[in-house]
Structure formats: structure tokens, C-alpha cells
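*Asks:* return atomic coordinates for the entry below.
(one chain, ligands or ions: 1)
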Amino acid sequence: MGAYAAAFERSISDPTRFWGLAARDIRWLVPPDRVLDDGAPPFYRWFTGGELNTCDNALDRHVEEGRGDQPALVYDSPVTGTVRTFTYRELTDLVARFAGVLRAQGVDRGDRVVVYLPMIPEAVVAMLACARIGAVHSVVFGGFAARELAARIDHARPKAVVSASCGIEGSRLVAYKPLLDEALELAAHKVERCVVRQRPQLHADLVRPRDVDWDEAVAAAEPVGCVPVAATDPLYILYTSGTTGRPKGVVRDNGGHAVALRWSMENLFGVGPGDVFWAASDVGWVVGHSYIVYAPLLTGCTTVLYEGKPVGTPDAGAFWRVAAQHRVKVLFTAPTAIRAIKKEDPDGRLLARYDLGALDTLFLAGERLDPDTYHWAARMLDRPVVDHWWQTETGWPMVCNPRGLEPLPVKPGSPSVPVPGYDVRVLRPDGSPAAPDEEGDIVVRLPLPPGTLPTLWQDDARFVESYLTRFPGHYLSGDGGRMDEDGYVWVMGRTDDVVNVAGHRLSTGVMEEVMAAHPAVAECAVIGVRDPVKGQVPRGLVVLKSGADRAPEAVCAELVAMVREQVGPVAALRQVAVVPALPKTRSGKILRAAMRGIADGRDVPVPSTIEDPAVLESLRPVLLDPGADADAPPA
Ligand SMILES: CCC(=O)SCCNC(=O)CCNC(=O)[C@H](O)C(C)(C)COP(=O)(O)OP(=O)(O)OC[C@H]1O[C@@H](n2cnc3c(N)ncnc32)[C@H](O)[C@@H]1OP(=O)(O)O
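*Replies:* Alright, predicted model coming up:
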């Protein structure tokens, strides 16, 4: 039996022993009584009775163990012309001081702190400072609009918000503070304190005494040490899109998270202490949480925080420049980024300018890796390109080619095999196991391994209903796919109304909610359709109210602007078409999957429950050819 098969078998047959051994790489303040607490299924807890501090494991511990002068964080920002390195000692000092700032603002263990920051070192500092004092951070991605931020504030009910005057999107300045002010106005929950980092590119007006200037507060703060927290205490809440407009607050614990992420670095990514790891994502997504911040630092690596884009900052050689300059060993990004680079530099002329001698592997996740992109990247880089599949809910890879454990043959289009700890299955609608290569729902048999979501924030019922009810005893991933004879998993895409736009998981429901509020709209549907660069883009189909005397093009342009304004630019809704009717079942359910299939050029059977097949047929031309974008985005 190979190393992978042996590890997988051990992880499933004796998870207590498997993860108990992995837990030895973490510094515990109080060792756990139990590795797996399975006393209250379907809720499982890892490392109960144990106490630790995640920040201690990510920073202080490394300083004490001799890594104080090693770079912990490299901030590379082509949009500001900055490259700055922070050693473990420097980062520990900054975090300890900012933890003092939070304390001084009344933030204590268990309090929530919303972090709404661009890709600047302060984002990492704020997250780790929360961990240091046992506060629970909830990072909100900067591409969301005020309304979305307000919804998250109302749900997490934070004591404080940490933000900045602006973000920099390529050449565009995004004023964060007005968005924050608007969100605070919209939110019912009243936030007591906002700590605002003033960036030189744009000064924000502070509302005193609510708003506190980051630099002034840090100058006045006393450094604070790490507090012990229970392994099962929440480290963070990260909201992710569900099928409805209401985001789900995925909870991450401290103990299981630290153990699983630390294990994943050596066994999946093949990196260890001292290596340079770069996840080119955003701290607002789970990749940013796990593989920009926590996993590399828990492992004693150097992590790269990149404030730039794959193209345009300044060109499609940007990723290769960063990888070469910082001697990156593992680069992790989303396929959409590689497709954007490929589009601009198909022959790799820019890539050829850089010495990528240190680069060992390119890991890709966040959306399906299409074989074309895989082959292009593998050919251009001439080194392993590794697809892997996971979700915000799981926090770390579920299916991967475990480079550290045992590199397995690559099958382009498949992220390879279930990761140790994840008993991945494919089920038929009746819950019976699918045959090899038969498509079904991808599920994971409970218990999920450490590091995965123990529940949704203050909503055990929604946790059970969303993930554990469809197939009792299993976690429902929401993705469909198949498993082949060799145990390789083939992920085909979402089985629900969640879209994946440029690696950003978005709810079509939230866009529909916004569009439905337009006075001329009678009903609408948003579907995700294939896009050559972003993977998927949303497309809106709208039925106007009878008697609406507005020009359809004007309504479409207004709808595009409304979604951008109320959901955020990241929704990237550009295609909206006015149609005479939407196809529905006899019970009135809109047939989104059927429309999606036609738009993607797939042969989809017309559901037998359809009310009027002619309606679906009449949409075919519009679904196959969206026409021009409804409007150019505002400058
Ligand atoms: C495995 C578990 C997971 O799935 S975790 C999620 C993993 N996903 C990712 O890491 C995301 C990968 N995608 C990306 O990094 C970006 O899409 C890349 C490839 C860099 C392209 O970026 P960009 O050209 O900006 O396109 P986009 O579609 O991301 O953005 C659309 C519009 O939104 C804006 N936007 C984006 N981020 C922000 C932000 N932080 N603050 C403010 N605005 C933001 C973009 O500027 C863009 O605006 P515009 O429409 O061009 O005006």
C-alpha cells in the first residue's frame, strides 16, 4: 500500500489516533481530553478539553523556537510600489500591540470583530490580534457593497470593526470608509468602535469618538499576550453564499483548525518550516484565511501577501515576477487567474523573463480547473500543476493530489483523490452509492475531519438543514460529480443556485432579490453561465410588469447598476435580458437548471413538471446569445 492509501485508511478507520498524532505539531497550553468528541451526532467536536492559542502557534512559538529573524510576511504591492518584509519577531510585536488596541476598545474574548480591509499587512495583523485575545474575527471581502457588509454586521454583531480608508483595485481607488459608514447606517446592530487605517492614497473622514485612527491607537497601546482559549472556541466566522440571499456564517474552531492546517502544509502542499508559500487570493476568502494567514504561519513558512492582480499590475508577468523575486516554493491561485494570464501572454513571453528556479508546484482551486488551463500551465511552467477541491465550509482541501504524502498520477480535469480524513462518497438521489463513473451528489461521510465547520454561527438548525439532512450521516457538499474506478473524484459543479464567478462564490438569490425590487420588474431569475475567463458569469432574465413603459435597455442598465451598487462589483453582473416569460414547473418553481443547461450548450432534458414547454423553447435564442453587456461598469 502506498503512503497515501495507508494514511487515508488510518484516518478513516482510526481518526482519533490519526489526528491525535497530528496534534503533536501544535503547542497546547492544556492537552485535549478527547481527540474526537462524537457524543452528540450530527455535531462533532475535535480536541475537547484542550486549550491553546492560535496566534501563539502562528507567531510567538516560532520566535521562541529561533525563527524570530526569519521573514514571516512579505507584503508585495505593485499598486503602491511597495515591497515590505516582516520577520516573525516584528509581526509578533505588531500583533501584540494591535491586540492591545482591540482590548483598549473594549474587545474581549468571544467578542466579534468585523475586518473590512484590502490586501494590506494590517489585515493579517488584525486577524491574528483577534486570535491572540480570543476574539472572533469575521473578515468581509472588499468587493462586497455596503448592504452586504451591513447584513454581516447584523448577523455577527461585532463589538468593533477594523477597516481602512481605501483599497486599490488595479488603477482604481476604492473608498472603503464611505462604504463602511453606509453599512453602519444600514445595520440595526450598533458598532461601538471602528479602527481605521488611513492609507496615503486617500484620507478618510473619521467620525469621532466612534472612529479611531489605527496609527494613533497603536502608538498608545500596550502589547498584550496570548490568552488560552478552548480548542472548540470559535476562531472566526466567515460568511459564504447560500442559495438564498442570507449568507451563512461558517464557524471555524481553534484546535481542529490549527491541527488540520498544519498537517495539510507538509502532507498536501509539500512545504515545511522556512519555505516560502504564496496564496494569490484575498484575505476575504477562505483561501486567504487558511493559506495566506494561518497555515503558512502555523508551519513557520514565509507567506506572501500580494496586493495586485494577475494582469494589469503592470502586466501578465506579475505572478512570475513575484514568485521569482521572493523565491516562492508553492504558488496557490484560482484557475481564473491563470486563464487571465494565458489570454494576455499565451506564449509565455513574459513568464520567460523570470527565474522560477525556486518554484516547485502550482496549486489551483476555487473553481473547476478545465483541462485546457491545466495543460497550458503545466507546459509553460514545466512543473507539477495540482488541482484540488474544497470549500469555505471545510477550510482546507477535501480532494487533492497529496504532493507531500505521495505524488499520484495527474488526471487533467480531476482534483485527484479524497484527502485523509474526508470519507468522500457519491450518492444517487435515493441515497444509495453511485457506481464508478456514475454522477451524483458529492458528500462526505460524518464525522468531517478537524478544521471543518462545526456549525453555522448561532444557527445549528440551519447547519443541519443545509448540510446534514439531505443524506443523513453525510455532509452535503452542494457539488455534483463522480468517482472513477481509481478513486479519483470528478467535480462537475454546483447542484444548487450558487454561482462561481472568477473563483468568487455568489448567491444568485441575492442578485434576484435586488433586481426584483426594481419598480418595472415583475419577476426575474439569475443563472450562472459559462465564461472563458471567469469560469462562470451571472446572467439575469427579467419579465417586466405589464404596462411598464420603460425601454427594456434602460431597465437592464439600471438592474446592472443596482446589483453592482447593492451586492458589489464582485458580482460582475453585466448580462441582463428582458424576456416575455420565465419557464416554471406547475407548482411555480422557476426552472433555472434547465435554462443554465441551454445557455451552456448542454443537452438538458425538459423536466416533466414543466408548466409550458414553449416558454423554455422561446428562450433558447436569448440563452444561447446574451447579446451585448447591458451596461459598462461605472469608472
Ligand atoms: C477553495 C475554496 C475557495 O473557493 S475560496 C475562494 C477562492 N477564490 C479566489 O481566490 C478568487 C480568485 N479570483 C481572483 O483573485 C480575481 O477574480 C482575479 C483573478 C485576480 C481577477 O480579479 P479582477 O480582475 O478584479 O476581477 P474580479 O471578477 O475578481 O472582480 C470583479 C470586480 O470586483 C472588483 N473587486 C474585486 N475585488 C475587490 C476588492 N477587494 N475590493 C473592491 N473591489 C473589488 C474588481 O475591481 C472588479 O471591478 P470592475 O468590475 O472591474 O470595476
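*Asks:* OK, contacts around Thr452?
*Replies:* Applying CB atoms under 8 Å, 6 or more residues apart in numbering, one finds that Thr452 lies in contact with 256, 260, 393-396, 475. C-beta here means a position set from N, CA and C on the backbone, and glycine is covered the same way.
*Asks:* switch to 7 Å and redo it
*Replies:* Listed by CB atoms under 7 Å, 6 or more residues apart in numbering, the contact set of Thr452 reads 393-395.
*Asks:* which of those residues are buried? Put it as a ChimeraX command.
*Replies:* In ChimeraX, this line selects whichever of the contacts of Thr452 come out buried by 16 or more other CB atoms under 10 Å:
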select :393,394,395
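*Asks:* and the gap between the residue nearest to Leu102 when sequence neighbours are not counted and Gly312?
*Replies:* In space, Leu102 comes closest to Ala129 once its chain neighbours are excluded; the distance is 5.7 Å by CB to CB, 6 or more residues apart in numbering. Distance of Ala129 to Gly312, given as CB to CB, to the nearest Å: 32 Å.
*Asks:* which one of the two is surrounded by more residues?
*Replies:* The residue with the greater number of neighbours, taking Ala129 and Gly312 and applying other CB atoms under 10 Å, is Ala129; the counts read 28 against 16.
*Asks:* show me what the helix or strand hosting the more buried one is packed against.
*Replies:* Using DSSP states H and E, Ala129 sits in helix 121-133. Helices and strands touching helix 121-133, by 3 or more CB pairs under 7 Å, 6 or more residues apart in numbering; DSSP states H and E, are helix 54-55, strand 71-77, helix 88-104, strand 112-116, strand 136-139.
*Asks:* tell me the gap between the last one and the middle of its chain.
*Replies:* What it means is strand 136-139. Per CA atoms, centre = their mean, to the nearest Å, the displacement of strand 136-139 from the mean C-alpha position of its chain is 14 Å.
*Asks:* and if you look at the second one?
*Replies:* On the basis of CA atoms, centre = their mean, strand 71-77 sits 21 Å off its chain's mean C-alpha point.
*Asks:* for it, packing partners?
*Replies:* When contacts are defined as 3+ CB pairs under 7 Å, 6+ apart, strand 71-77 packs onto strand 82-87, helix 88-104, helix 121-133, strand 302-306.
*Asks:* with the longest one instead?
*Replies:* Packing contacts for helix 88-104, counted by 3+ CB pairs under 7 Å, 6+ apart, involve strand 71-77, helix 121-133, helix 214-220.
*Asks:* which of the ones you listed sits closest to the ligand?
*Replies:* helix 121-133 (10.4 Å; CB to the nearest ligand atom).
*Asks:* got the CA positions of that closest one in CSV?
*Replies:* Once non-C-alpha atoms are left out, helix 121-133 reads as follows in CSV (Å, rounded to 0.1, in the frame of the first residue of the first chain):
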residue,chain,number,x,y,z
PRO,A,121,-0.5,43.8,6.3
GLU,A,122,-3.0,45.3,8.7
ALA,A,123,-5.5,42.7,7.6
VAL,A,124,-3.1,39.9,8.8
VAL,A,125,-2.3,41.8,11.9
ALA,A,126,-6.0,42.4,12.8
MET,A,127,-6.9,38.7,12.3
LEU,A,128,-4.0,37.5,14.4
ALA,A,129,-4.6,40.1,17.1
CYS,A,130,-8.2,38.8,17.4
ALA,A,131,-6.9,35.3,17.7
ARG,A,132,-4.4,36.5,20.4
ILE,A,133,-7.1,37.8,22.7
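*Asks:* export the contacts of Thr452 to CSV and tack on pLDDT, distance to the ligand and secondary structure?
*Replies:* What follows is the contacts of Thr452, written out as CSV (pLDDT from 0 to 100; distance: CB to the nearest ligand atom, whole Å; DSSP: H, G, I helix; E, B strand; the rest coil):
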residue, pLDDT, distance to the ligand, secondary structure
Glu393, 97, 9, coil
Thr394, 98, 8, coil
Gly395, 98, 9, coil
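*Asks:* need the contacts of Thr452 in JSON lines (columns: distance to Ala135).
*Replies:* Listed next are the contacts of Thr452 as JSON lines, based on distance: CB to CB, whole Å:
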{"residue": "Glu393", "distance to Ala135": "22"}
{"residue": "Thr394", "distance to Ala135": "24"}
{"residue": "Gly395", "distance to Ala135": "19"}
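*Asks:* sorry, back to before: just name the most buried of the helices and strands packed on strand 71-77.
*Replies:* Mean neighbour count, computed with mean count of other CB atoms under 10 Å, is highest for helix 121-133 among the helices and strands packed on strand 71-77, reaching a mean of 27.
*Asks:* what's the angle from it to strand 82-87?
*Replies:* Note on geometry: by axes from the mean of the first three to the mean of the last three CA atoms, to 10 degrees, helix 121-133 and strand 82-87 are set 20 degrees apart in direction.
*Asks:* does any bit of helix 121-133 sit next to the ligand?
*Replies:* No. Among the residues of helix 121-133, none lie within reach of the ligand under CB under 6 Å from any ligand atom; the closest is 10.4 Å away.
*Asks:* let me see the mean pLDDT of that helix.
*Replies:* Averaged over helix 121-133, pLDDT sits at 98.
*Asks:* ok, stretch 331-351 next?
*Replies:* 98.
*Asks:* buried residues in that stretch, which are they?
*Replies:* Counting neighbours by 16+ other CB under 10 Å, one finds that the buried residues in stretch 331-351 are 331-342, 345, 348, 350-351.
*Asks:* around the ligand, pick out the residues from the stretch 51-200 of the chain.
*Replies:* 118, 141-143, 167, 169, 174.
*Asks:* what segments of the stretch 451-600 of the chain are helices?
*Replies:* Taking DSSP state H, counting those that start in this stretch to define them, one finds helices in the stretch 451-600 of the chain at 460-463, 508-516, 552-566, 592-599.
*Asks:* distance check, whatever residue is furthest in space from the centre of the chain against Val227.
*Replies:* For the chain, the residue at maximal distance from the C-alpha centroid (CA atoms, centre = their mean) is Gly547, at 42.8 Å. Counting by CB to CB, the separation of Gly547 from Val227 is 63 Å.
*Asks:* point out where the stretch 151-300 of the chain drops to low pLDDT.
*Replies:* Within the stretch 151-300 of the chain, the stretches falling below the threshold (pLDDT under 70) are 245.
*Asks:* can you show me the helices along it?
*Replies:* Counting by DSSP H, counting those that start in this stretch, one finds helices in the stretch 151-300 of the chain at the ranges 176-186, 214-220, 255-267, 286-287, 295-299.
*Asks:* quick one: contacts for the residue in the stretch 351-500 of the chain that the ligand sits nearest to?
*Replies:* Of the residues in the stretch 351-500 of the chain, the one nearest the ligand is Gly366, at a distance of 3.2 Å by CB to the nearest ligand atom. Contacts were defined as CB under 7 Å, 6+ apart; by that measure Gly366 touches 287, 334, 503.
*Asks:* out of the residues you listed, who's nearest Leu298?
*Replies:* Minimum separation from Leu298 among these (CB to CB) is found for Val287, which lies at 15.3 Å.
*Asks:* doesn't Ser281 make contact with the closest one?
*Replies:* Yes. If you go by CB atoms under 7 Å, Val287 and Ser281 touch, sitting 3.9 Å apart.
*Asks:* just to revisit the earlier point, which of the buried residues of stretch 331-351 come close to the ligand?
*Replies:* Contacts with the ligand within these, counted by CB under 6 Å from any ligand atom: 334, 336-337, 340.
*Asks:* can I get those residues in CSV with distance to Pro78 and secondary structure?
*Replies:* Formatted as CSV, these follow (distance: CB to CB, whole Å; DSSP: H, G, I helix; E, B strand; the rest coil):
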residue, distance to Pro78, secondary structure
Ala334, 19, coil
Thr336, 19, helix
Ala337, 15, helix
Ala340, 15, helix
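*Asks:* which two from those residues end up farthest apart in space?
*Replies:* Checking these against each other with CB to CB, the farthest-apart pair comes out as Ala334 and Ala340, at 9.7 Å.
*Asks:* fine by me, we can end here.
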